[in-house]
Structure formats: C-alpha cells, structure tokens
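# Have a look at this prediction, sequence included:
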Amino acid sequence: MEKNIRGRIVKIESKDYYVKEENDEIIRCSLRGKFKKTLQLKKDKLTTLDVASIGDWVNYSLSTKGIGVIESIEDRKNYLSRKAGKARGSLKRGGRLEQVIASNIDNLFIVTSIKSPKFNNRFIDRVIVSAESCGINISIVINKVDLDDGNFSAEWEQLYSNIGYKVFVISAIENIGVKSIKSLLQNKVNIFWGQSGVGKSTLLNTMFSHLDFEVGDISEYSSKGTHTTVTGEMREIGENTYIIDTPGIKEIEPYGIKEEDVCHYYKEFLAYIQDCKFNTCIHKHEPGCAVVAAVEDKQITYERYESYLNLLDTIEDDMIY
Ligand SMILES: Nc1nc2c(ncn2[C@@H]2O[C@H](COP(=O)(O)OP(=O)(O)OP(=O)(O)O)[C@@H](O)[C@H]2O)c(=O)[nH]1
Ligand SMILES: [Mg+2]
Ligand SMILES: [Zn+2]
C-alpha cells in the first residue's frame, strides 16, 4: 500500500473517481467511507451533492492491485455549480441540492450556437450569474457562425462585449475564429460549458486534433434531444494547461443566490444601483428605480433586463442557504 499520492480528479463515473497523478497515469479510485458520512450529516440542510468534483486535488492511497482510495480533498480555490434537478436528492419543498460541475477553474467559456440549437441569451446570463459569483474569468463563444444567415452573431457579440465580456464568434467546423480561443488557454484550467449540441466537443477537437472527444450527429438532437457527452472530462493539453469538456445541459438555475443579490452579477447594472430611490430596490417596478431608467434610456439593453426579470422570477424564496 502506497500512501499520500497527490493527484487531480479528471473524471467521475458513478462511484469511480479517476485521478491523474503527477507522472500522468490515471488511477481509478473510490472515496473513503468517511466522506459519505459527511454527506449524510448534511442531508437535512440544502447542501452540496458532490463531495468531490472534477478539478479537485486529492490525496489517495494505492493498493498493490493498482486501485486507489481518496483519503483527503484539498480546499478549492473556487468551483462552478448549479442547482441540481428536483428529482435528484430532493427532500422537501425548496430542498434543492448544489451540483458541483468542476473546481479550481481559471477560465469559463460559455459555448452557445447562433442556430441549431437556437441562440439563448437567458441561458448565457444564468451561466454568467453562476460564474460571476465565484470569481471565474468568463468568455462567451458564439459557435456555428457558418449557419448565421443574418447578422445576428455580430449583434450579440456587440451586446456582450459592451458589457465587458470577451466574445468569440466562431465556426468550430470550419475552423473560423478558433485560434484566438486557443491562445488564451495556456497555464490555465479551462472549462467549456453550455447547452447540448452547441458544439463544445467539436470545438475542443478542432483545437486539439489528438483529443477525439465524441461528437453528436445533429439530427439526433432534434429528434431525441440526447446528449453526446455524458460525463465531464478534464484533459491536460500542455504543461499546467487543462481543458474540461462537459455534458450539455438543458437548463440552469444558479445556486445559492438570493433575489436581492442577482443584480450584482449583471455587471452593467452596478453603475446605476446606488441611484435607486430605495435601497431595498430589486429593480422590478419600484418607483425611482435607476436601473429601469437606464433601460428606458437604452444604457442597459432590454435583452439583459428582461433576462434579469426572468431570473428573478425563478429564484425560490423558500430556499435554505
Ligand atoms: N454548422 C455547424 N455545425 C457544427 C459546428 N460545430 C459543431 N457542429 C455540429 O453540432 C453538432 C453537435 O456538436 P457536439 O460537439 O457534439 O456538441 P456538444 O456541445 O458537445 O453537445 P453535448 O455533448 O451533447 O453537450 C454536431 O453535429 C456538430 O457537427 C459549427 O461550427 N457549424
Ligand atoms: Mg459534447
Ligand atoms: Zn432599482
């Protein structure tokens, strides 16, 4: 039995944790029982569903058979999460758990497509809120520009870059605009996240031809809505440089964010918030709201304001944080 080997979780399948150690070998590990107890204890409160996640640094011991047991998990620098679906682990009204997507991330690329599937700005804004609240650098990728028969990609690019986000308008299939994304990845942990079928795996394969992530057949999405990538997976693509492909998601609700805090993650609102008449203003229909005035004045786009209202409406006020 070899002890105290440090490694990083690169993939999780059911109860198997795949840990990559320094010399590049990937070891299949299980979690030491004590972690399950921790999880059990917390179960009466809304809390995390995942004790360990992709990106976590862990210490494990290795049996002579080459199977590992995770003994400890290092503190996370940050992590990306969302509310888990109601069916999964839901205990009571409002009892939604936190699903951790990955940890210790530097760059998040929110991948979208201008068409098939349809561009969805509300989705982007929800991912932004989830990530802004944990200090991850956010970029937006608008893929499938080859299918853009209007000038829609450019308009959305303008909208988000005006707010201050980096936006990449690309075609992963035709290798347009991909290089500029690739140049940002070095020495970072980079995660690619978005709806199913937008081309996350295709983009990664275009950037790194040796990777060979599975890519879906577009006709399958419309007929069955199936996901091609089924588990998240982290790969080292250079020294200290990692990319994470994730399974597509249908919807996203940010975890642990209160109604009155949502506006803090709509960056362009911040300049106006202090001018609202009431300091309890949530910028819905209170009199003297400076955010609403800025929308009327076209300083804040209607698209963003509308998505803000939509998100407010779905925040559950009976959550226990
Ligand atoms: N026209 C066009 N099609 C693309 C482009 N990029 C990807 N696709 C197609 O979109 C479909 C879905 O691509 P995937 O890479 O599997 O999408 P994904 O985001 O990884 O999907 P999940 O793994 O289910 O989350 C495939 O048929 C790709 O060929 C693009 O730039 N243009
Ligand atoms: Mg995929
Ligand atoms: Zn206001």
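Sure, I can see it. Computed from a predicted structure; not experimentally measured. Ligands and ions are numbered 1, 2, ... in the order given.

# Just want the residue of the stretch 51-200 of the chain that's nearest ligand 1.
residue 199 (3.0 Å; C-beta to the nearest ligand atom). No exception for glycine: its C-beta is placed from N, CA and C like everyone else's.

# Apologies, that question was intended for the chain.
Closest point on the chain to ligand 1, by C-beta to the nearest ligand atom, is residue 248, at 2.4 Å.

# per-residue confidence averaged over stretch 62-71?
Rounded to a whole number, the mean pLDDT of stretch 62-71 is 93.

# neighbouring contacts of it?
Under the criterion C-beta atoms under 8 Å, 6 or more residues apart in numbering, residues 1-5, 17, 19, 27-32, 35, 52, 58-61 lie in contact with stretch 62-71.

# One more pass at 6 Å, please.
2, 27, 29, 30, 31, 32, 58, 59, 60, 61 (C-beta atoms under 6 Å, 6 or more residues apart in numbering).

# could you pull out the strands for the stretch 201-321 of the chain?
Secondary structure of the stretch 201-321 of the chain (DSSP state E, counting those that start in this stretch): strands at 233-238, 241-245.

# looking at it, the residue of the chain closest to ligand 1 is touching residue 196, isn't it?
Yes. The pair residue 248 and residue 196 passes the contact test of C-beta atoms under 6 Å, sitting 2.6 Å apart.

# Now for those two: what residues contact both?
residue 227.

# who has more neighbours, these two?
residue 248 (23 against 18; other C-beta atoms under 10 Å).

# What values do phi and psi take at that one?
phi -60, psi 150 (degrees, to the nearest 10).

# With residue 146 instead?
Per degrees, to the nearest 10, the backbone of residue 146 is at phi -60, psi -20.

# Mind pulling up the pLDDT for it?
97.

# What's the local residue count around it?
14.

# Not counting its own residues, what contacts the longest strand along the chain?
Using DSSP state E, we find that the single longest strand of the chain is strand 2-13. Strand 2-13 has contacts (C-beta under 6 Å, 6+ apart) with 17-21, 52, 54, 56-57, 59-62, 231, 233-234.

# Where do the helices of the chain begin and end?
33-41, 121-132, 152-163, 178-182, 200-207, 218-224, 270-273, 290-296, 302-314 (DSSP state H).

# For ligand 3, find the nearest of these.
helix 290-296 (4.4 Å; C-beta to the ion).

# Are the closest one and ligand 3 in contact anywhere?
Yes. Using C-beta under 5 Å from the ion, we find that helix 290-296 touches ligand 3 at residue 291.

# Can you name the residues bridging to residue 103?
Beta-bridge pairing for residue 103 (DSSP bridges): residue 79.

# quick revisit: list the ones among the contacts of stretch 62-71 that fall in strands.
2, 27, 29, 30, 31, 58, 59, 60, 61.

# Per-residue pLDDT of residue 204, please?
In this model, residue 204 carries a pLDDT of 96.

# Could you do residue 98 as well?
84.
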